[in-house]
Every structure is written in structure tokens, then in C-alpha cells.
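Colleague: This is a predicted model, with the sequence first.
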Amino acid sequence: MRALPAEAFIVRELRRGLAPTLYYHSLAHTLDVAQAAQTLAAAEGVTDAETLTLLRTAALYHDAGFLHTYEGHEARGCEIVRGTLPEFGYSPGQVEKICALIIATQYPQEPRCHLAQILCDADLDYLGRPDFVPISTSLFRELTARQLIASEHAWFQLQERFLTGHQYWTATALALRAAPKQARLAHIRARLAAWPSPATA
């Protein structure tokens, strides 16, 4: 398993191949998720070298499907994993573990093992972080560019639904991110409650 060349390959592909209007699902997001996964894994007591390598590989490949499609990018990412990682010495079993981790990040998240819980929490780590506003704004820009969101009001409604339905899975993320995320949700609900009605706007 030659992890470093495999990582360098996908980072290079993402840097040159992602659409410039992927303001949120950018290379910066992928690198952020990889770092968050590493931090969470350490806090969760994951020490096995192979396990940590598989987690990092999954983090770096988890949004690779965006190179080819917007909808169903997780499944497309798994196709990339299956077509690429064997060339870097990953075994069939390791490839399928990585694919299972990637599929777990599909929303609504359904992580079926501890490692999947870590990757899912890393993927949405920003929901409970101080940089929530600039990161969420980048997602608003991305959805607007694809005409997937109609207005700022619709955006806040979407955020309210998403934050309400989301949960953190690991003890570490629950301790660090759940309370700030709930405070953000309360702020969004307050903004929606105060939103001018069309008749008075």
C-alpha cells in the first residue's frame, strides 16, 4: 500500500479538475476533512497504522466523485477508488473498506462502524466551528451557481432543516461541536422568525 503517492495523485486531480464554482466542495474542503479526521481519530484513540492510513485515504477521496458529477458523487467516487487504488498496492479488502467509508458520508449519514463515524463527523466538522459562517456562505454560493437554491430565505430554511436533522456520532465531536452547532441553529431560527413577510418586505 503506497499511500503517499495515492494521496498525491488525488490531490493533484482535485486541484486541476474540480469546477471553479465548487466553492464549498473544493480541494480546501477535502484537505480540511482529512485534517479533521486525523484529529478526531487521535482523540478517539485510534492508533493502528493501517486503519489510520485507510481513514486518511478515504478522507482525501471522499469527494473525488465531484470531478465527474454533482448528484451521486459518493458512488462515482467509489468508482474512482476502485479504478485507482489497486495501482498503488491497495488490496481489494482495503479498497472496499475505503468505499464503505465514503458511502457513509452520503446524507443522511449512516455510519456503520467507528471509523465511518469519524469520517462523517470530520466531513461536517465545520457545523460546530467558529468558521461556520464563511464555510456555509461558500456552500450558498455553490448552490446558487447551480440554481439549486432560490433565495436567501430559502437558504436559511435549508440550513435550519439540515442542522435540525444532523447529528454528530463520536464522543469527541459531541463534546466539542454539538453545543456550538445548536447555538448556530438557534441563531438561524431566530433570523427566520424575524424574516419580513412578503407583504411587509
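Modeller: Received it, and whenever you're ready, just let me know what you need.
Colleague: in the strand or helix carrying A175, what counts as buried?
Modeller: Element membership for A175, per DSSP states H and E: helix 171-193. By 16 or more other Cβ atoms under 10 Å, the buried positions in helix 171-193 come out as T172, A173, L176, R177, K181, R184, L185, I188. Every residue, glycine included, has its C-beta placed from N, CA and C.
Colleague: same for it, what does it pack against?
Modeller: helix 27-43, helix 114-123, helix 152-165 (3 or more Cβ pairs under 8 Å, 6 or more residues apart in numbering; DSSP states H and E).
Colleague: returning to what we had before: just the closest of the buried residues of helix 171-193 to V33, please.
Modeller: A173 (12.8 Å; Cβ to Cβ).
Colleague: Not counting its neighbours along the chain, what's nearest that closest one?
Modeller: Residue nearest to A173 in three dimensions, not counting chain neighbours: D121, with 4.0 Å by Cβ to Cβ, 6 or more residues apart in numbering.
Colleague: In contact with the one you found, which residues are there?
Modeller: Contact analysis of D121 by Cβ atoms under 8 Å, 6 or more residues apart in numbering lists A36, L40, Y168, W169, T170, T172, A173, R177.
Colleague: and the two most separated of those residues?
Modeller: Across the contacts of D121, the longest distance by Cβ to Cβ is 13.2 Å; it joins A36 and W169.
Colleague: Settle it for me: which of those two has more neighbours?
Modeller: Taking other Cβ atoms under 10 Å, A36 and W169 do not tie; A36 has more neighbours (22 against 18).
Colleague: which SS class is A6?
Modeller: Under DSSP: H, G, I helix; E, B strand; the rest coil, A6 falls in the helix class.
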